[in-house]
Every structure is written in C-alpha cells, then in structure tokens.
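[1] how would this look folded up:
(one chain, ligands or ions: 1)
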Amino acid sequence: MDIYKIKGGKKLNGEVSISGSKNAALPIIAASLLADGETTLKNIPALVDIKTICKGIEYLGAKTDFDQNTNTLKIKTLSLKNNTIPYDLVKTMRALYYIMGPMLARTGETDTSLPGGCAIGERPIDIHLAGFESLGAKIQIEHGYVKARAKKLKGTKFVMRKVSVGATANIMMASVLANGETVLENCAMEPDIMDLGRFLIQMGAEIQGLGTETIHIIGVKKLNPVTYTIMPDRIEAGTYLIAGAVTRGTVKIKNVIPDHIGALMHNLSDMGFLLSQGDDWVKIEPSKKLKGAIIKTMPYPGFPTDLQAPIMALFTTIPGISVIIETIFEKRYTHVPELRRMGADITLEGDVSIIKGIKKLSSATVMMSDLRAGAALVLAALAAENTTEIRRIYHSDRGYEKLSEKLSSMGADIKRVEGGKG
Ligand code: UD1
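    Okay, the predicted model is just below:
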C-alpha cells in the first residue's frame, strides 16, 4: 500500500487548478443511463470513485471509455440488461445507489445491494426508497438487496423528512421519465444537485426550482444523450484554500465557482486571512492577526460537513479556541485521535469539538480513516514539524485528483511512496 511522506513547515505559494466535481460527476454518470445512445462528459476527475461508478453501469451493459489525458468520459447505453449491482461493488462505494433512480425510470426494475453503514455514520437510504415508493415503485429488501419494481412511475408530491443530497438526486432522476408532475419538497440545494439538474435539462427533462427547497418535474417520454461539462469540485477547492491557510502561504485557486465555497471564505476571512476573488478564482493570503472561529456544519449554503475535518486541522494551528458542531453525520470525528497523535489539543463532547490552537503540530505516523479525514491529516502534516507518514492513502485517491502533484507544484514537500505498511 502506498503512503505519503510529508515534510511540514513549508509555506505553500502558487496556483492550483481545481478538477471536476466528484459528487456532481457520480449522479451524472448514473443519469446517463436515462438516455439511449452515447453521452460525453467533460472535466471528469480521474478518481477511484469514478472508476467504481463506471464499473457499476458496466454491470448493466453500458460501455465506458475514459481518457485520463483529456478527462473525458464517453458512455454508451445502447443495450441495457437488468443486472444486479452486487454487494462486493457497493461495499467499496455507497454512491452506487445512484444507479437505482435512473434504472427504475428507464427499465422499471433494479436490484442493488443495500449499502451498510460507513466510517462516518449509519447513513440509511430510507428517504431514497420512500421517494421511489411515492412514485409508485414496489420496494422489497431481500438478502441484503433492494429490489425495486414499477411498471411505469407516476408523478407524485413527496416531502423529504430530512435534507439529503443523495435522496434529492436519486428521486429527481427517477421522476424525470414518470407520468405527470412530481413536486419534491425539503430538497437539498447543493451545487451538485444543480449540476445534475442542468445535465438532465440538457437531455430534455423539464425541471424547475433547482437550488431551492422545492423542485417541480414534469415527466417527459424520452431523454437524449448529450455532451456536458462537469462543474468544479468545491470541496477540493476548499481543501486547497485551507492548505494555503494552514501553511500561512499565498495560494490562488483557479477554476472554482467562488459562491460554492462562500461559507468557508466567510469563516477564513473572519479568522483574519486575506481573501480576494474573481469570476473563477479565489486567493488566500496570511495575516499576522489570526483568531479562532465557531462553525456548525449545515446543508448548503451552510458550512459543508465535507470540510469539517480539513478546517479542524487548521483550527489546531490557530491561537485561541475554536469550536465545531457537526450536525450532519453522527460519527464524523475519526480524524480527532489521529490529530491528537500530532499534538493537537481537541476536546470532544458528542457532536461538539473544542480545539485549542497550539504553536506547532509534531510529526507522527498516522492513518486515514475516510476521504475527508484523510485530507485533514495531509493538511496537518503540511503544517507540522519534521516528516509525517500517512498510511491508508487509498481513501484520498477516492476524491483528490493528483493530490501530491498539486501540492508539490506549490512548494509542499510531499512524496508518495510505494510499499508502506497498511
Ligand atoms: C453526500 C456527499 C457527501 C456529503 C453529504 C452531505 C456524495 C457522493 N456524497 O452524501 O460527501 O458529506 O452529501 O453533504 O455526494 N439520511 C437519512 N436517510 C436517507 C438519506 C440520508 O437519514 O435516506 C441522512 C444521512 O445519514 C445524513 C444526512 O441525512 O445524516 C445527510 O445525508 P446526505 O445528504 O444524504 O448525504 P449523502 O448523499 O450520502
């Protein structure tokens, strides 16, 4: 297994270009199943999770061809067969559930392994399934699989009991080919949902209210394959902004939509960092006077839970006290014990963490437990004294394209080494 060796203490300086959004690309790749023919997706990041969803749609008979040099993915969906999405694949990535909505809409049946819990929480998919039922599907859980069947989905009014990115996307994908009108309430307003919606509209879907709590969909008979460019990854952008902050460097993030990281920019600016922005870039510079902050993770446009671990790494280096309240996932503090091994002063009480900034983190051998917890360790290592060894870096391969190359290009001393211990 590969490891990262990071010699900390270097200020990052320079520019970094943000890749396409993983969390927009995943449902969009699944949504390509809704049309018959060849879909071309541009700005697809070369990530393990993207390979996994491609494997998923290939199980159903789709053909995929990914060009890593141009980040272009071609998907042919000419002859779909109703195959099962097996446990062995779903256990490697929960987001394969995105195949359910489109398959139900296009073929009226799908058998998909029910995802189990994960490192950050229980993560049920009851809202997805209740939405499909509301559209007229019969759902049964048998032998660990969700069996969903519907002759023809029918428009409905469905209120989500909780704001869920995955459920909003999945139910939206199921309803675009349903008979009649669907009204979805308490929808997620994340940019990822808007990107999916724009893709579906370009395919011929009739959708209104994207980016609001209520989405109206009028079912159409058929959708057409299109060429579409995925939006930039706001979580990757936020991570590099924090990388600039944690090393007290000057970093310009290019190919970003500044509004998408508005909550983070607001917090960094309150803490004393100097931020400037253009149409598609954001720059961060350090200042002498820095102070802690209080953040509470919330659905968009609130502070994203995916940046909670990264900002905690920053808080460990900021004078004074910072507080985090994690409201989205019940177990999303697995990075805390690892940060403590680097000397961080963090007190945990339920969903609240209190972080007392220290002068300098110290190097240690640490282990990634999930994608964003892994990003926090990389950020902490960039600021720490001496060389930190980070294991289980396959987690960061799921969501950060060319992580070591991008950080190195701004002056970080990071090496990916083959053959480390697990
Ligand atoms: C997506 C993102 C993930 C991000 C999260 C919240 C992808 C692939 N993943 O995950 O990176 O951290 O949004 O922004 O895009 N819930 C239920 N029942 C459901 C669905 C969700 O109780 O049927 C709960 C979850 O356990 C969680 C909350 O709702 O507590 C929000 O989860 P959700 O927005 O669905 O997250 P994901 O779509 O899984």
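
[2] what lines up beside the helix or strand bottoming out on mean pLDDT in the chain in the sheet?
    Within the chain, judged by mean pLDDT, DSSP states H and E, the helix or strand with the poorest mean is strand 84-85; its value is a mean of 90. Using DSSP bridges, the neighbouring strands of strand 84-85 in the sheet come out as strand 109-113 (parallel).

[3] and the contacts of the following helix or strand past the strand it pairs with?
    Tracing the chain C-terminally past strand 109-113 and defining elements by DSSP states H and E, one meets helix 126-134 next. Contacts of helix 126-134 with the rest of the structure, by Cβ atoms under 8 Å, 6 or more residues apart in numbering, involve 97, 100-101, 104, 139, 146, 148, 150, 153, 156-158, 160-162, 164, 166-167, 170-171, 174, 184. For glycine as for every other residue, the C-beta is placed from the backbone atoms N, C-alpha and C.

[4] and these, which are buried?
    Neighbour counting by 16 or more other Cβ atoms under 10 Å classes 97, 100-101, 104, 139, 146, 148, 150, 153, 156, 158, 160, 164, 166-167, 170-171, 174, 184 among the contacts of helix 126-134 as buried.

[5] sec struct for the closest residue to the ligand within the chain, please.
    Scanning the chain for proximity to the ligand using Cβ to the nearest ligand atom identifies Gly166 as nearest, at 2.8 Å. In terms of secondary structure, Gly166 is helix; the call rests on DSSP: H, G, I helix; E, B strand; the rest coil.

[6] distance of the residue lying closest to Met342 once chain neighbours are set aside relative to Glu206?
    Excluding its sequence neighbours, the residue lying closest to Met342 (Cβ to Cβ, 6 or more residues apart in numbering) is Leu361, at 4.5 Å. Look at Leu361 and Glu206: by Cβ to Cβ, to the nearest Å, they are 52 Å apart.

[7] same check, this time on Glu15
    Noted for Glu15: a distance of 40 Å to Glu206, by Cβ to Cβ.

[8] what does Met367 give?
    Remark: distance between Met367 and Glu206 (Cβ to Cβ) = 48 Å.

[9] compare these two (neighbour count), which wins?
    Set side by side, Met367 and Glu206 give different neighbour counts by other Cβ atoms under 10 Å, the larger being at Met367 (19 against 13).

[10] ok, which stretches of the stretch 301-422 of the chain are helices?
    Taking DSSP state H, counting those that start in this stretch, the helices of the stretch 301-422 of the chain run over residues 308-315, 335-341, 371-383, 394-397, 403-408.

[11] correction: the stretch 101-250 of the chain
    In the stretch 101-250 of the chain, the segments counted as helices under DSSP H, counting those that start in this stretch are 126-134, 165-175, 191-203, 234-246.

[12] adding mean pLDDT, write those helices out as a markdown table.
    Formatted as a markdown table, the entries for the helices of the stretch 101-250 of the chain read as follows, by pLDDT from 0 to 100:
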| stretch | mean pLDDT |
| --- | --- |
| helix 126-134 | 97 |
| helix 165-175 | 98 |
| helix 191-203 | 98 |
| helix 234-246 | 98 |
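
[13] okay, those in CSV with distance to Phe303 next?
    Below are the helices of the stretch 101-250 of the chain laid out as CSV (distance: least, Cβ to Cβ, whole Å):
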stretch, distance to Phe303
helix 126-134, 22
helix 165-175, 15
helix 191-203, 14
helix 234-246, 10
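
[14] so which of these gets nearest Lys91?
    If you check each of these against Lys91 by Cβ to Cβ, helix 165-175 wins as the nearest, at 16.6 Å.

[15] ok now that closest one, how far from the chain's centre?
    16 Å (Cα atoms, centre = their mean, to the nearest Å).

[16] got the phi/psi numbers for Arg398?
    With angles defined as degrees, to the nearest 10, Arg398 sits at phi -70, psi -30.

[17] what does the one 4 residues further on give?
    For Lys402, the backbone dihedrals are phi 50, psi 50 (criterion: degrees, to the nearest 10).

[18] and for Gly272?
    Per-residue torsions, Gly272: phi 120, psi -10 (degrees, to the nearest 10).

[19] which residues touch it?
    The neighbourhood of Gly272, defined by Cβ under 8 Å, 6+ apart, consists of 287, 289-291.

[20] give me the pLDDT for Pro124.
    The predicted local distance difference test score for Pro124 is 89.

[21] about what we covered before: in TSV: the helices of the stretch 301-422 of the chain, plus mean pLDDT.
    Putting those into TSV (pLDDT from 0 to 100) gives the following:
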stretch	mean pLDDT
helix 308-315	98
helix 335-341	97
helix 371-383	97
helix 394-397	95
helix 403-408	98
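
[22] between the ones you listed, which one is closest to Asp279.
    Evaluated over those, closeness to Asp279 peaks at helix 403-408, with 21.4 Å, by Cβ to Cβ.

[23] helices and strands around the closest one, which ones?
    helix 371-383, strand 413-417 (3 or more Cβ pairs under 8 Å, 6 or more residues apart in numbering; DSSP states H and E).

[24] so of the ones you listed, which one's packed in deepest?
    When these are scored by mean count of other Cβ atoms under 10 Å, the highest mean neighbour count falls to helix 371-383 (a mean of 28).

[25] show me how far that one is from its chain's centre.
    Per Cα atoms, centre = their mean, the displacement of helix 371-383 from the mean C-alpha position of its chain is 16 Å.

[26] heads up, I number from 582, so please use that
    Noted, 582 is the first residue going forward, which turns the last one into helix 952-964.

[27] got the angle for that helix vs helix 889-896?
    Helix 952-964 and helix 889-896 are oriented at 20 degrees to each other (axes from the mean of the first three to the mean of the last three Cα atoms, to 10 degrees).

[28] now check helix 952-964, is it near the ligand?
    No: judged by Cβ under 6 Å from any ligand atom, helix 952-964 stays clear of the ligand, getting no closer than 7.6 Å.

[29] end to end, how far does stretch 621-634 reach?
    End-to-end distance of stretch 621-634 (Cα to Cα, to the nearest Å): 15 Å.

[30] what's next to that stretch, contact-wise?
    Around stretch 621-634, the neighbours that count as contacts under Cβ under 8 Å, 6+ apart are 600-603, 606-607, 609-611, 613, 647, 649, 651-656, 670, 673-674, 676-677, 679-680, 807-814, 975, 978-983.

[31] swap the cut-off to 6 Å and go again
    Residues from elsewhere that reach stretch 621-634, judged by Cβ atoms under 6 Å, 6 or more residues apart in numbering: 600-601, 603, 606-607, 610, 649, 652-655, 673-674, 808-811, 978-979, 982.

[32] anything in it near the ligand?
    No: judged by Cβ under 6 Å from any ligand atom, stretch 621-634 and the ligand are separated, with a smallest distance of 7.7 Å.
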